[in-house]
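Participant: no sequence on this one, just coordinates:
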């Protein structure tokens, strides 16, 4: 089955975590925690739903939560969602499952895939647009922010500093991370065959290991990955205060164009 015979922009939103660091005993995965009555995952999906630059969305969830995810997509009318795919044991395995499904659905290999955490809802239209434009021109786009603090690497054992990184060259990588579909899928297959899938922290790390040149785009300092209770409190403040809508609002001109 083929959804697109020509290239498209696909958001691959992975949310396979159990939320153990939230301290709720894993009863409710963090992506389903509600902030002002709306699950965090839905806040995130809405950013891609509202972007005129995104054609379709694939979501990766734990197997036990796929049906719940389908219900949320229907309830909140996220109609760009094509599929909800069962995840793997790790984030990278979940992403690989999603990439595999996109390829099996016949999406053109020169399409762009924006790989994004389901618990990073603080992204805006400008970041999505810049990522798409850069990846179209350069082959990929990695959103990031400058390292505002001094970064040190510690020795493999103990708590001693091995080296201090030049802060002027240091960046914190975020999401989305955007790639050509065929290229990123092929490297994921290679990592799987090499038995290295567990060696990497994210797609940028994997792509760099296999020799890809990565292109940085300016992200948002507040684009946190919601991981601990303090992150939920921060996001709740943004939503309640109205600042969240100010950050993510789609410009009027883009609404008209859509």
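Facilitator: It's in. Model, not experiment: these values are computed from the prediction.
Participant: other SSEs contacting the longest strand out of those in the chain?
Facilitator: Taking DSSP state E as the criterion, the chain has its longest strand at strand 171-180. Using 3 or more Cβ pairs under 8 Å, 6 or more residues apart in numbering; DSSP states H and E as the contact test, the elements touching strand 171-180 are strand 112-117, helix 125-138, strand 140-146, helix 203-209. Where C-beta positions appear, they are placed from N, C-alpha and C, glycine not excepted.
Participant: got any ranges where the stretch 1-150 of the chain has weak pLDDT?
Facilitator: Along the stretch 1-150 of the chain, the parts satisfying pLDDT under 70 run over 1-5, 17-26.
Participant: what segments of it are helices?
Facilitator: Taking DSSP state H, counting those that start in this stretch as the criterion, the stretch 1-150 of the chain contains helices spanning 40-49, 66-75, 91-104, 125-138.
Participant: what helices or strands is the second one leaning on?
Facilitator: Secondary structure elements in contact with helix 66-75, counted by 3+ Cβ pairs under 8 Å, 6+ apart, are helix 40-49, strand 56-61, strand 81-86.
Participant: want to throw these into a markdown table with distance to residue 227 and mean neighbour count?
Facilitator: Below are these laid out as a markdown table (distance: least, Cβ to Cβ, whole Å; neighbours: other Cβ atoms under 10 Å):
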| stretch | distance to residue 227 | mean neighbour count |
| --- | --- | --- |
| helix 40-49 | 11 | 23 |
| strand 56-61 | 17 | 25 |
| strand 81-86 | 22 | 20 |
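Participant: for residue 110, which of these is the nearest?
Facilitator: Closest of these to residue 110 is strand 56-61, at 15.3 Å (criterion: Cβ to Cβ).
Participant: could you give the angle of the closest one to helix 40-49?
Facilitator: Interaxial angle of strand 56-61 relative to helix 40-49 (axes from the mean of the first three to the mean of the last three Cα atoms, to 10 degrees): 160 degrees.
Participant: centre of the chain to strand 56-61, how far?
Facilitator: Offset of strand 56-61 from its chain centre (Cα atoms, centre = their mean, to the nearest Å): 10 Å.
Participant: pick the most buried one from the helices of the stretch 1-150 of the chain.
Facilitator: Highest mean neighbour count of the helices of the stretch 1-150 of the chain: helix 40-49, a mean of 23 (counted as mean count of other Cβ atoms under 10 Å).
Participant: now what about that one, what contacts it?
Facilitator: Among residues not part of helix 40-49, those counted as contacts by Cβ atoms under 8 Å, 6 or more residues apart in numbering are 11, 13, 15, 30-35, 54, 57, 59, 69, 72-73, 76, 78-81, 114, 116-121, 123-125, 128, 226, 232, 235, 239, 248.
Participant: which residues touch the residue sitting nearest the centre point of the chain?
Facilitator: Computing the C-alpha centroid of the chain and ranking residues by Cα atoms, centre = their mean puts residue 116 first, at 0.9 Å. Taking Cβ under 8 Å, 6+ apart, we find residue 116 in contact with 11, 12, 13, 14, 44, 48, 123, 175, 176, 177.
Participant: can I get those residues in a markdown table including distance to residue 64?
Facilitator: Output for the contacts of residue 116, formatted as a markdown table (distance: Cβ to Cβ, whole Å):
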| residue | distance to residue 64 |
| --- | --- |
| 11 | 23 |
| 12 | 20 |
| 13 | 18 |
| 14 | 16 |
| 44 | 20 |
| 48 | 24 |
| 123 | 27 |
| 175 | 24 |
| 176 | 26 |
| 177 | 27 |
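Participant: wait, which of the residues you listed is closest to residue 220?
Facilitator: Closest to residue 220, out of all of the contacts of residue 116 and judged by Cβ to Cβ, is residue 123, at 6.7 Å.
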